[in-house]
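Trainee: Structure, please.
(one chain, ligands or ions: 1)
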Amino acid sequence: MLTVRDLTKTYANGVRALDGIDLDIPRGMFGLLGPNGAGKSSLMRTLATLQEADGGSAVLETDGRRIDVLRDKDAVRRLLGYLPQDFGVYPKVSALDLLDHFAVLKGLSERKQRRETVEGLLHQVNLWNVRKQKLGGFSGGMRQRFGIAQALLGDPRLVIVDEPTAGLDPEERNRFLNLLAEIGENVAVILSTHIVEDVTDLCPRMAIVNKGRVLLSGEPNAAIAALAGQVWRRQVAKAELASYETRFTVLSTRLVGGQPVIHVFSADAPEPGFERVDPGLEDVYFQNLRQQARAAA
Ligand code: ADP
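Mentor: As a prediction, this is how the structure comes out:
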């Protein structure tokens, strides 16, 4: 279990990237959902001990130990697997050789044990058949799966993956997310993403963040249930869209057959012509972002 309290960070340019983050992250997949610039990477890098926070605390409890993430960095690094947003690979090296190299860096010095670990991981991420190919020829999805293999070296208790599905095609994305879900059966996996579906399908717990703050955290299903009865749908003319946006809390606009269909947040029918819909996590997400924007206005 990872407990984050009142974590703050302001960069030298004055941007307050973390504005008092509180989170409880248990074992399993935890989705950290927020738009670009929300502060997700800043949070991930801080938890991965790659940058300093200004204040607050983060404590990792695992196997009967209690580790201060912000101070006891070496202990965290031994228990951490991290896949950064911009994970670069050496294009001319094979998957097998590079993973073996990372394993040496991770301290797996005993040759036989290292080989077993490396081979086991290549099987686990489904790259065994291409282990001798150079990483430069890998697809985005294969590269990300390689990234997960290196993150799993050393049997981590906490795995952090930062926007791993950006740029993957739907099939690669599914494959990658299923792999994460398997890993999440044993350890805490924090998946940061701006893609709502990444969270809906996989994460038993989640948080929505924006402007360095946690807007909501808990179970996706509970958050969706809390919106029941308050989301309304209507097809509108393109020319009327702006007027709807000023009169109602429009959560989303989607083109269906070239015509805008809007979702509106409202306790009662906004006006004749709207029909109630079962909310989804996307409605929850936009409702939280709209509410924050309104509170700031
Ligand atoms: P996300 O990962 O959700 O896109 P980030 O944590 O990357 O968000 O960024 C949060 C905010 O902090 C953004 O406004 C971003 O421009 C700013 N930011 C991120 N890194 C730095 C940095 N090293 N120096 C200054 N500002 C930064």
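Trainee: so where do the helices sit in the stretch 1-150 of the chain?
Mentor: For the stretch 1-150 of the chain, the helices defined by DSSP state H, counting those that start in this stretch cover 40-47, 73-79, 95-105, 111-124, 140-151.
Trainee: okay, those helices in TSV with distance to residue 242, mean neighbour count and mean pLDDT next?
Mentor: Backbone N, C-alpha and C define where each C-beta goes, glycine included. Listed next are those as TSV, based on distance: least, Cβ to Cβ, whole Å; neighbours: other Cβ atoms under 10 Å; pLDDT from 0 to 100:
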stretch	distance to residue 242	mean neighbour count	mean pLDDT
helix 40-47	31	24	96
helix 73-79	49	15	93
helix 95-105	52	18	95
helix 111-124	51	16	95
helix 140-151	38	22	91
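Trainee: would you list those helices in a markdown table and tack on distance to the ligand?
Mentor: Converted to a markdown table, the helices of the stretch 1-150 of the chain look like this (distance: least, Cβ to the nearest ligand atom, whole Å):
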| stretch | distance to the ligand |
| --- | --- |
| helix 40-47 | 3 |
| helix 73-79 | 19 |
| helix 95-105 | 24 |
| helix 111-124 | 27 |
| helix 140-151 | 17 |
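Trainee: Now these in a markdown table, please, with extra columns for distance to residue 175.
Mentor: Rendered in a markdown table, the data for these read as follows (distance: least, Cβ to Cβ, whole Å):
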| stretch | distance to residue 175 |
| --- | --- |
| helix 40-47 | 22 |
| helix 73-79 | 26 |
| helix 95-105 | 16 |
| helix 111-124 | 13 |
| helix 140-151 | 6 |
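Trainee: So residue 213 sits against residue 19, correct?
Mentor: Yes: the pair residue 213 and residue 19 qualifies as a contact (Cβ atoms under 8 Å) at a distance of 5.1 Å.
Trainee: Name the residues contacting each of these two.
Mentor: Residues touching both residue 213 and residue 19 (Cβ atoms under 8 Å, 6 or more residues apart in numbering) are residue 39.
Trainee: For the chain, which residues are neighbours of the ligand?
Mentor: By Cβ under 6 Å from any ligand atom, the residues of the chain that approach the ligand are 11, 13, 15, 17, 34, 36, 37, 38, 39, 40, 41, 42.
Trainee: Just the buried ones from these, in PyMOL syntax?
Mentor: Buried members of the residues of the chain next to the ligand, defined by 16 or more other Cβ atoms under 10 Å, are picked up in PyMOL with:
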select buried, resi 17+34+38+39+40+41+42
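Trainee: quick one: which of the residues of the chain next to the ligand sit in strands?
Mentor: Assigned to strands by DSSP state E, the following of these qualify: residue 17.
Trainee: Tell me which two in the residues of the chain next to the ligand are the farthest apart.
Mentor: Using Cβ to Cβ, the residues of the chain next to the ligand span at most 19.9 Å, a distance reached by 13 and 34.
Trainee: quick one: what helix or strand has the most centrally placed residue in the chain in it?
Mentor: Taking Cα atoms, centre = their mean, the centroid of the chain lies closest to residue 192, which sits 1.6 Å from it. Taking DSSP states H and E as the criterion, residue 192 maps to strand 188-193.
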